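A.B. asks: Return atomic coordinates for the entry below.
(one chain, ligands or ions: 1)
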Amino acid sequence: MTEIQPTLRTLSRLVGCTPLLAVDVRFRGQARRIYAKAESFNFTGSIKDRMALHVLRRAHESGALKPGAPIAEATSGNTGISFSALGRALGHPVTIFMPDWMSQERKDLIRSFGAQIRLVSAAEGGFLGSIRLSEVWAAETPDAYLPCQFANEVNVEAHATTTGPEIWAQLASAGLRPDAFVAGVGTGGTVMGVGRFLKGMDSGIRIHPVEPSNSPTLHTGHKIGKHRIQGISDEFIPSIVKLDQLDDILSVDDGDAILMAQKLADRGLGVGISSGANFLAALEAQERLGPEAVVATVFSDSNKKYLSTDLMKVEPLKPGFLSPEVELIGIGQAI
Ligand code: PMP
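C.D. replies: All right, here's what the predicted structure looks like:
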């Protein structure tokens, strides 16, 4: 039997406390700096480790998750990788329900951690179908534990107690205070949790959720189009997302996000597509407040899980894209 407490303590040292990068660019000819948490430094390489670790810790504390009991979750990818690795490390069988169109790297990683994977086709309901099927599975499986990341306040708490305070402390150590924070919304845990903490420190700090302009779920409340920013804008507005507690929604075209991620990689910063979107949205937020405004965001994962996707292809330019107006100067000092 896996010893839960020592393993949780070890995992706690491998999740969070990520570097805050200062990325310097010229945007429309003007010198700009954006701060971004390098979340690929987490145990399995994405921001979702923070949520998974906190949820599993709390579930063990409350007794909702018994030692050795099976865990299942519906996810578009990174969450599945996090729950697989952390769940297996803690001695649990793990089953992941996910839409079948997610990248091959994500599916292979989940399988490599010894988790079962159940792919759900668009005909079976895609993302919402994955959630429904995981609930059916839980009802039929004794002692099953479902983290329910889309509805679980502990997801928000994970970011309110780690990501948010880290950003505040890292900026403070450089003598700075944040004026705005932006983050793409998958479950919304990141933007709601960081938002809760930062607005608690100073209610004037802007907190902007980000979504793809070609599938604006937050604007419409449901899925209306296809997009390529894996990990955000899943098909519905999660119940933990409270738009009335946030500032206005920023939209980024998925092609523009790909081009921005490519541009960051070209200077050595290998980030995923949602990080490209977050970076452009951060520049947009700064545009509203002035070039000196301190704007922070997250680079949720690295480019490694996107080697089979459009991130590795030539992306056509479209009118209105922001990325062609960004010239990367370099990665300033990490805090
Ligand atoms: N980017 C990527 C790559 C992700 O996997 C996720 C999580 N689905 C997000 C952004 C969004 O994070 P959150 O679920 O906290 O909204």
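
A.B. asks: Residues of the stretch 101-250 of the chain that sit close to the ligand?
C.D. replies: 184, 185, 186, 187, 188, 189, 190, 231, 232 (Cβ under 6 Å from any ligand atom). Heads up, the C-betas are built off the backbone N, CA and C, glycines and all.

A.B. asks: Just give me the closest of these to residue 312.
C.D. replies: For those, the residue nearest residue 312 by Cβ to Cβ is residue 231; the value is 17.0 Å.

A.B. asks: what's near enough to touch the spatially closest residue to residue 77 that is not a sequence neighbour?
C.D. replies: Counting by Cβ to Cβ, 6 or more residues apart in numbering, residue 77 lies nearest to residue 106, which is 3.9 Å off, once chain neighbours are set aside. Going by Cβ atoms under 8 Å, 6 or more residues apart in numbering, residue 106 touches 77, 78, 80, 81, 98, 230, 305.

A.B. asks: so what pLDDT did the residue in the stretch 1-150 of the chain that the ligand sits nearest to get?
C.D. replies: Closest approach between the stretch 1-150 of the chain and the ligand, counting by Cβ to the nearest ligand atom: residue 78, at 3.4 Å. At residue 78, the pLDDT value in this model is 91.

A.B. asks: same check, this time on residue 229
C.D. replies: Per the predicted model, pLDDT is 93 at residue 229.

A.B. asks: Does it touch residue 257 like I think?
C.D. replies: Yes: Residue 229 lies in contact with residue 257 (Cβ atoms under 8 Å); the separation is 5.4 Å.

A.B. asks: Name the residues contacting each of these two.
C.D. replies: If you check residue 229 and residue 257 against Cβ under 8 Å, 6+ apart, the residues they both contact are 212, 273, 274, 277.

A.B. asks: Can you tell me which of those end up in helices?
C.D. replies: 273, 274, 277 (DSSP state H).

A.B. asks: residues near residue 174, how many?
C.D. replies: 12 (other Cβ atoms under 10 Å).

A.B. asks: next one: residue 35
C.D. replies: As a measure of burial, residue 35 has 24 neighbours, counting by other Cβ under 10 Å.

A.B. asks: Quick check: phi and psi at it.
C.D. replies: phi -100, psi 130 (degrees, to the nearest 10).

A.B. asks: Where does the prediction get shaky in this structure?
C.D. replies: 1 (pLDDT under 70).

A.B. asks: re earlier: the more surrounded of residue 229 and residue 257?
C.D. replies: Neighbour count, other Cβ under 10 Å: between residue 229 and residue 257, residue 257 has more, with 33 against 26.

A.B. asks: can I assume the more buried one is in contact with residue 280?
C.D. replies: Yes: under the criterion of Cβ under 8 Å, residue 257 makes contact with residue 280 at 6.6 Å.

A.B. asks: Show me where the stretch 151-300 of the chain has its strands.
C.D. replies: 180-184, 206-212, 250-252, 295-299 (DSSP state E, counting those that start in this stretch).

A.B. asks: quick check, nearest of the shared contacts of residue 229 and residue 257 to residue 138?
C.D. replies: Nearest member of the shared contacts of residue 229 and residue 257 to residue 138, counting by Cβ to Cβ, is residue 274, at 28.1 Å.

A.B. asks: Against residue 103, how distant is the closest one?
C.D. replies: Noted for residue 274: a distance of 13 Å to residue 103, by Cβ to Cβ, to the nearest Å.
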